[in-house]
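> Sequence below, structure please.
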Amino acid sequence: MCLAPPGPAGSRGTVEAVGIVGAGAVGQSVAAALVAAGLSRRIQVTSWKPARATSLVTDLDDLAHLSGSPVRAESCKTADLTACEAIVICLRGTFTNTAKQDVRMTGLQANAPHIAALATRLTGYRGTVIVVTNPVDVMTRLFAEVSGVRRVFGVGSNLDSVRYRLTLARLLGVPASAVDGHVIGEHGDHAVI
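Below you'll find the predicted structure:
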């Protein structure tokens, strides 16, 4: 999904609402970036721990106030997300990651049931879904297959591409804009640069 730079509410490039599923560290980062960027008028946050969603909304309101962002944050139920133009899935099941290799695959058993349940609840959704939950490649496919949603994207290799370009730029002592390169394949130990 490509959103244009922020503009006045209702202007081209600004969407009405973006949903965030998950209020942990990744959900917090995504939500804060969306508030700062002003790409939507509203951010709706849901979590399997409702108190976390409420706390995140309070923090986002503070951020919006301090930064002058017009974005309004709200906690919501999963069903309310169907009114959003886009949903970012950052949920994480309960597990301890002790893996030394294929660390993103550790979440498969813990995250898959939550992704499948969420996909079932969002069957028929017409917007765009961006999956961040690891293992992102597998979770993206699972969500798409269970939900039937047509526009489901995973951020894995895109995130790896950004990290690759930033690291290479730092090592070469050049601006990141001078570096081009992509990471393809899985988001993890078997990615191809």
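> quick one: low-confidence ranges for the protein?
1-13, 94-105, 156-159, 184-193 (pLDDT under 70).
> And the helices in it, which stretches?
25-37, 50-67, 108-121, 136-147, 156-172 (DSSP state H).
> And the last one, what does it pack against?
Judged by 3 or more C-beta pairs under 8 Å, 6 or more residues apart in numbering; DSSP states H and E, helix 156-172 is in contact with helix 136-147. Backbone N, C-alpha and C define where each C-beta goes, glycine included.
> Please identify the buried residues of stretch 143-153?
143-144, 146-147, 149, 152 (16 or more other C-beta atoms under 10 Å).
> my guess is Leu91 meets Ala112, correct?
No. Contact criterion C-beta atoms under 8 Å: Leu91 and Ala112 do not qualify, at 11.0 Å.
> Pick out whichever of the two has more residues nearby.
Leu91 (23 against 18; other C-beta atoms under 10 Å).
> How about the contacts made by the nearest residue to the more buried one once chain neighbours are set aside?
Nearest residue to Leu91, sequence neighbours excluded (C-beta to C-beta, 6 or more residues apart in numbering): Gly22, at 4.0 Å. By C-beta atoms under 8 Å, 6 or more residues apart in numbering, the residues touching Gly22 are 47, 89-92, 133.
> And Gly22, how far from Gly68?
As judged by C-beta to C-beta, to the nearest Å, Gly22 and Gly68 stand 27 Å apart.
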